[in-house]
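>>> Any chance you could fold what I've pasted below:
(one chain, ligands or ions: 2)
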Amino acid sequence: MTGAMNLFDSVSRQFDEAADILGLSQDIRELLKIPYREITVAMPIRMDDGTLKVFKGYRVQHNGVRGPQKGGLRFHPDLDLDEVRALASLMTWKTAVVNIPFGGAKGGIQCDPAKMSQHELEMLTRRYISKLSMVLGPTRDVPAPDLNTNAQTMAWVLDEYGRKNGYQPACVTGKPIELGGSQGREAATGKGVALCTREAWTKVLGKELKGARVALQGFGNVGGFAATFLGEMGARVVAVADRGGAVRRTEGLEVTALSDHARRHQGTVAGFPGGEAFDPAEIWAQPCDILIPAALSGVLTQATAPAVTARLIVEGASAPTTPEADRIFRDKGILLLPDILANAGGVIVSYFEWVQNLQQLFWTEAEVFEKEEKILLQSFQDVQERVRQHGCTWRVGALVLALGRVTKANSLRGW
Ligand SMILES: NC(=O)C1=CN([C@@H]2O[C@H](COP(=O)(O)OP(=O)(O)OC[C@H]3O[C@@H](n4cnc5c(N)ncnc54)[C@H](O)[C@@H]3O)[C@@H](O)[C@H]2O)C=CC1
Ligand SMILES: O=C(O)CCC(=O)C(=O)O
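Ligands and ions are numbered 1, 2, ... in the order given. Take a look at the predicted model:
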């Protein structure tokens, strides 16, 4: 989805920039780049109309030197092994940036959930987990929600894993509260995006958040909650695009009404009466101060980046920016907060969910949000320190921090 360069090459290029700063040797680079394990599974499913369809699923466990491997499960028609590999490596760096005791993994199924029934999705999720359960588990690899998956999907994961292994709620995070999920996990990623946006906008750029114009691609779990929290902080959400359409309003969209509309219209903002419709492909050119990609990978490219007028970009999505677009933003003086910091709120609260499950404890939402903010703000400062020290971008600064922690763990283990 990144054009000429595949996503893993693109992520590897970013890795090399940070590895150069740290002076990492070729063998250590190889050790850190090559995933521990990559699995492809074929899943035959009897569809509701009686036909048999074979789906492809993937799980890449990139690195487990700092703890069990951790990362989401995504459903998308264009998903392939290369994309999952790239996203798995980003999880290793993300858990290291925020210093939680996990490695990195990612998985998914090549399917279009918009064209499938709940029953078909349940069968497919169960088949996927049944094929992979021997490499999953609370101390091995712990899945979570990602693009087009949610708490219900994680409930099926819990149930299917439990068939072979007994009831182990810590085997998956992002579960419904009723099944041992954590308060605050659903909103956690969007909350983290909003907190990072606030820190960068007010403390790094020295601007007022009240009235600042925000445009978002994606209004699902990440984009929807990010918009809600930023609205509460006084920002103006002026444009939102999703798979179904796009709406804008210079004076600011009413975010609560927009969320209600999306809930009642198959998750899309299309047709919202409180704004003007526009072509979703035009989202990057919308006049705004803060731009938040919160949907797909590889969407900010050499072709789309020149149109961006924002002063700050906050990556809610995983890997939305290609290296070419990164360069364009740097040259234009646009500050970009990378995914491995900006959207880490989700995995931070997944860590809290795992901890609560292992201890059979339940924390309140206020406790969860307070702890999330503490870790995220510390990580923000840690990255900022690397940026100052090396005069680099925030992406490279975050990677320098992460690679430092992972290589240290490697060497302590004797590698
Ligand atoms: N859910 C989580 O906790 C985390 C998610 N992320 C990342 O955030 C991104 C979004 O994930 P979620 O919000 O969980 O997914 P979601 O499935 O809840 O929402 C996805 C949103 O993207 C929109 N979208 C899909 N295709 C589109 C297209 N072609 N053009 C424009 N919009 C499109 C959908 O309409 C929807 O609004 C992904 O890149 C994911 O990796 C990162 C960290 C954690
Ligand atoms: O909550 C988690 O474990 C990981 C979510 C995820 O896939 C991500 O942060 O990109």
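>>> what does this structure have sitting close to ligand 1?
The chain comes close to ligand 1 at residues 145-148, 189, 217-223, 241-243, 280, 294-296, 316-318, 343, 346, as judged by C-beta under 6 Å from any ligand atom. Just so you know, the C-beta spots here come from the backbone N, C-alpha and C atoms, and that holds for glycine as well.
>>> Just the residues you listed: which are in helices?
Thr189, Asn221, Val222, Gly223, Gly346 (DSSP state H).
>>> Most widely separated two among those?
Across these, the longest distance by C-beta to C-beta is 12.7 Å; it joins Gly223 and Gly346.
>>> thinking again about what came up before, between the ones in helices among the residues of the chain next to ligand 1, which is nearest ligand 2?
Of all those, the one with the least separation from ligand 2 (C-beta to the nearest ligand atom) is Gly346, at 4.5 Å.
>>> I figured that closest one hits Ala144, correct?
Yes - if you go by C-beta atoms under 8 Å, Gly346 and Ala144 touch, sitting 7.2 Å apart.
>>> Same list (the ones in helices among the residues of the chain next to ligand 1) but as a markdown table, adding neighbour count.
Below are those laid out as a markdown table (neighbours: other C-beta atoms under 10 Å):
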| residue | neighbour count |
| --- | --- |
| Thr189 | 31 |
| Asn221 | 25 |
| Val222 | 30 |
| Gly223 | 27 |
| Gly346 | 29 |
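>>> for the record, mean pLDDT for stretch 335-348?
Across stretch 335-348, pLDDT averages out at 98.
>>> Distance from it to the middle of the chain?
Computed by C-alpha atoms, centre = their mean, to the nearest Å, the separation of stretch 335-348 from the middle of its chain amounts to 8 Å.
>>> repeat for stretch 215-227
That offset, for stretch 215-227, works out to 12 Å (C-alpha atoms, centre = their mean).
>>> and that stretch, anywhere near ligand 2?
No - where contact is defined by C-beta under 6 Å from any ligand atom, no part of stretch 215-227 touches ligand 2; the two come within 9.2 Å at best.
>>> which parts of that stretch are buried?
Neighbour counts over stretch 215-227 (16 or more other C-beta atoms under 10 Å) mark 215-227 as buried.
>>> Export those residues to TSV and append columns for pLDDT.
Listed next are those as TSV, based on pLDDT from 0 to 100:
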residue	pLDDT
Ala215	98
Leu216	98
Gln217	98
Gly218	98
Phe219	98
Gly220	97
Asn221	96
Val222	98
Gly223	98
Gly224	98
Phe225	98
Ala226	98
Ala227	98
